[in-house]
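Trainee: Dropping a prediction and its sequence here:
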Amino acid sequence: MPRPHITDGDRLAKTRERFLTADSFEPNQVRDTILASWWRSRHWKVAADHIELNYIRDPNLDTPLTRNALPVLRNLRDNLDGQPISVILTDAAGVVLVRLTGDRDLERHLDGVQLAPGFSYAEEFVGTNGIGTALEGGRPMHVFGHEHYAENLEDLACAGVPIHHPTSGKTIGAVDLTCWRKDADPLLIALAKTTADQITQALLTDSSAREFELLSEYLRACKRTAGIVLALNNDVVMMNDYARHVLDPGDQVVLLGQAADALASRQPGPVTVDLPTGIKARLHCRPVGREGRPAGGVVHVKLIDYGALQSADTVPQQTRMFLPGLVGTGPLWLRGCHQVDAVYASSEWLALGGERGVGKLALLRAVHQRRDPARHFQVLDAADAGAPDWPAQVRRELLDGEGDLVIRHVDQLKIRRLDALSTALADALAAGRQRALWVAVTLSQGHINGDLAELLRSFPSTVELPPLRHHSEDLHELVPFFLAKLNRRGKLACSPEAMQLLLRSSWPGNTEQLWDILKQVVQRRRTGIIHPSDLPPECWTVSRRLLSPLESMERDAIVASLLDHEGNKVKAAKSLGMSRATIYRKIHEYRIVVPAS
């Protein structure tokens, strides 16, 4: 690897300028890895003159990655002893989770370029940078000064290293060291590699200990009872033979999902579940592991009135499901469900489209469980396509695998990966693999270019799932269904007024957005009735687009002020320091539903 450009001279700056203006330049003036990243950045139409990123509020920090990485990162920060170096941890999508900085000037600068928790520094959003380019290439990467694609980053130097799960090998995040360009040192990348190795070792130690502890508790529980025993964590599921014998496969799926949710919430009491076949089950969940560092848990299950299975006519309306684990009776939604089920039964390969969050993967899992749950079910995600072994893994599954294979987000694949996947699909069809393997791809709505159209030739059937705003009547079933999953300790219901607000929303994030909103509600109210004031500000708008971070903050402030002043716009404007004309304009712009006076 060539020596990094620690001192960015005029030559590199001029080369970058010529590249951005489409002028001719000497390729040997810039490293090959950087030039390849510049070309990708141009293909993604990344802005070179400014940085404006989407914001994820409250990224999840309760993960094995953050729990094991934080002690390593804090120790490194302490050893740097106030040096102007920022230690950064991201998830696999480049979203910053943790930033530890010992220099105030550097910290202010990083805030200004949005290299801060909640913002994604994936290459497709920011262009060439230590985090995104390391994740895209799946290997350590240093980017100095003018090598950055965005001019706002030219004063910085950064070294990023992907973090791989020690057992699965999957990329789960990245560690990055960022400093001023003038302070850059060749050892920056070596220090970042050492830090990533320490985090991986901590993950390995933690994972091995947790899984051994869970296995020991599961075996101990199986010896003490002849009933149904489950054990599970994020990576492992164990189920005794008795459970497999007496439970319908669809019931098994729902039971495992309910057990995972109950263990995650660490509910002390038993949980009663209505299973799809009409059986009632009572779960007694016992977490395994120390407080704050659970290793999963062991679940004892007792079937209530087993042997007297209820007929479909006696199953309560709210548990009646065409497919296991899914609710909704809106005509458009049911039509999509029946279409996917029919395509699966015909063994034709399927392209499943729909906006983000409509439930494409959940529907494919449900159809698999209804039709043939004993078959292998494998999911591959184009979000992981940056890993060097991804094309080989996909090709291996297509040519040698059996069962059901789902390839998600194929419309996000870069041209080279898209071509490789198209070739592998064509080879699999030529080999007659459709007799042993059923393949479905998912994609979001939007323009289908020539390369993607070529890939879709391998899929005779296409089904488009409707966005939630086109079957909003299903909110009457989805809301209580999600509330029951989120809050089993206390009964929580939605008032007609709150339901009316939910029905008026256009749901740009679909059912995934509904789940996130109800999750916020349950954190504030655990029993009783949900009133409009319990709903977050985004429920008071009917905008059909996702807002920028600044727009979201402004909207939230206006909604909160209107609620505080019982819908009085004049008082709300005064408290916010706005003119009456401004607040009226903002209410119209964000399509805010004004609370009744």
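Mentor: That came through fine.

Trainee: Show me the strands in the stretch 151-300 of the chain, by range?
Mentor: 156-164, 171-180, 228-232, 237-239, 271-274, 280-290, 293-304 (DSSP state E, counting those that start in this stretch).

Trainee: And the contacts of the fourth one?
Mentor: When contacts are defined by Cβ atoms under 8 Å, 6 or more residues apart in numbering, strand 237-239 is touched by residues 214, 215, 218, 229, 230, 231, 232, 252, 256. The way it works is simple: take the backbone N, C-alpha and C, and place the C-beta from them, glycine included.

Trainee: Mind naming the longest helix for the protein?
Mentor: Counting by DSSP state H, the longest helix found in the chain is helix 187-224.

Trainee: returning to what we had before: could the strands of the stretch 151-300 of the chain be laid out in TSV, adding mean neighbour count and distance to residue 540?
Mentor: Below are the strands of the stretch 151-300 of the chain laid out as TSV (neighbours: other Cβ atoms under 10 Å; distance: least, Cβ to Cβ, whole Å):
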stretch	mean neighbour count	distance to residue 540
strand 156-164	26	39
strand 171-180	25	35
strand 228-232	23	38
strand 237-239	17	40
strand 271-274	18	33
strand 280-290	17	36
strand 293-304	20	36
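
Trainee: okay, those strands in TSV with distance to residue 443 and mean pLDDT next?
Mentor: What follows is the strands of the stretch 151-300 of the chain, written out as TSV (distance: least, Cβ to Cβ, whole Å; pLDDT from 0 to 100):
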stretch	distance to residue 443	mean pLDDT
strand 156-164	26	96
strand 171-180	22	96
strand 228-232	31	87
strand 237-239	29	84
strand 271-274	34	86
strand 280-290	37	83
strand 293-304	34	78
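
Trainee: neighbours of residue 208, just the number please.
Mentor: Residues lying near residue 208 (other Cβ atoms under 10 Å) number 12.

Trainee: show me the contacts for it.
Mentor: Contacts of residue 208 by Cβ under 8 Å, 6+ apart: none found.

Trainee: That one and residue 199, how far apart?
Mentor: 15 Å (Cβ to Cβ, to the nearest Å).

Trainee: Please apply the same query to residue 233.
Mentor: From residue 233 to residue 199 the distance is 20 Å (Cβ to Cβ).

Trainee: first to last residue in stretch 399-409, what's the distance?
Mentor: 21 Å (Cα to Cα, to the nearest Å).

Trainee: avg pLDDT for it?
Mentor: Mean pLDDT, computed over stretch 399-409, is 93.

Trainee: List the contacts of it.
Mentor: Taking Cβ under 8 Å, 6+ apart as the rule, stretch 399-409 contacts 360-361, 364, 368, 372, 375-383, 394, 397-398, 421, 424, 427-428, 431, 433, 436-444.

Trainee: Could you give me the buried positions within it?
Mentor: 401, 404, 405, 406, 407, 408, 409 (16 or more other Cβ atoms under 10 Å).

Trainee: mind checking the backbone torsions on residue 116?
Mentor: Backbone dihedrals for residue 116, given as degrees, to the nearest 10, come out at phi -150, psi 160.

Trainee: what sits against it?
Mentor: 96, 99, 110.

Trainee: Distance of the last one relative to residue 193?
Mentor: According to Cβ to Cβ, residue 110 stands 22 Å off from residue 193.

Trainee: what's across from residue 541 in the sheet?
Mentor: Counting by DSSP bridges, residue 541 forms beta bridges with residue 592.

Trainee: ditto for residue 101
Mentor: For residue 101, the beta-bridge partners are residue 86 (DSSP bridges).

Trainee: Report pLDDT for it.
Mentor: Value for residue 101, per-residue pLDDT: 93.

Trainee: circling back: using JSON lines, lay out the buried residues of stretch 399-409 together with secondary structure and distance to residue 484.
Mentor: Below are the buried residues of stretch 399-409 laid out as JSON lines (DSSP: H, G, I helix; E, B strand; the rest coil; distance: Cβ to Cβ, whole Å):
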{"residue": "401", "secondary structure": "coil", "distance to residue 484": "36"}
{"residue": "404", "secondary structure": "strand", "distance to residue 484": "28"}
{"residue": "405", "secondary structure": "strand", "distance to residue 484": "32"}
{"residue": "406", "secondary structure": "strand", "distance to residue 484": "27"}
{"residue": "407", "secondary structure": "strand", "distance to residue 484": "32"}
{"residue": "408", "secondary structure": "strand", "distance to residue 484": "27"}
{"residue": "409", "secondary structure": "coil", "distance to residue 484": "30"}
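
Trainee: Just give me the closest of those residues to residue 574.
Mentor: residue 409 (46.9 Å; Cβ to Cβ).

Trainee: one step back: which among the contacts of residue 116 gets closest to residue 261?
Mentor: Closest approach to residue 261 among the contacts of residue 116 (Cβ to Cβ): residue 96, at 28.0 Å.

Trainee: how far does the helix or strand harbouring that closest one sit from the chain's center?
Mentor: Residue 96 is part of strand 96-101 when elements are defined by DSSP states H and E. With Cα atoms, centre = their mean, to the nearest Å as the basis, strand 96-101 stands 19 Å off its chain's centre.

Trainee: hang on, the earlier thing: to residue 127, which of the strands of the stretch 151-300 of the chain lies closest?
Mentor: With Cβ to Cβ as the yardstick, what comes closest out of these is strand 156-164 (12.7 Å).

Trainee: show me what contacts the residue nearest to residue 344 when sequence neighbours are not counted?
Mentor: Leaving aside its chain neighbours, residue 344 sits nearest to residue 367 (5.0 Å; criterion: Cβ to Cβ, 6 or more residues apart in numbering). Going by Cβ under 8 Å, 6+ apart, residue 367 touches 323, 337, 340, 341, 344.

Trainee: So what's the residue count around the last one?
Mentor: By that I understand residue 344. 20.

Trainee: Show me what secondary structure element comes after the helix or strand containing it.
Mentor: Counting by DSSP H and E, the element that carries residue 344 is helix 331-346. Sequence-wise, the next helix or strand downstream of helix 331-346 (DSSP H and E) is strand 350-353.
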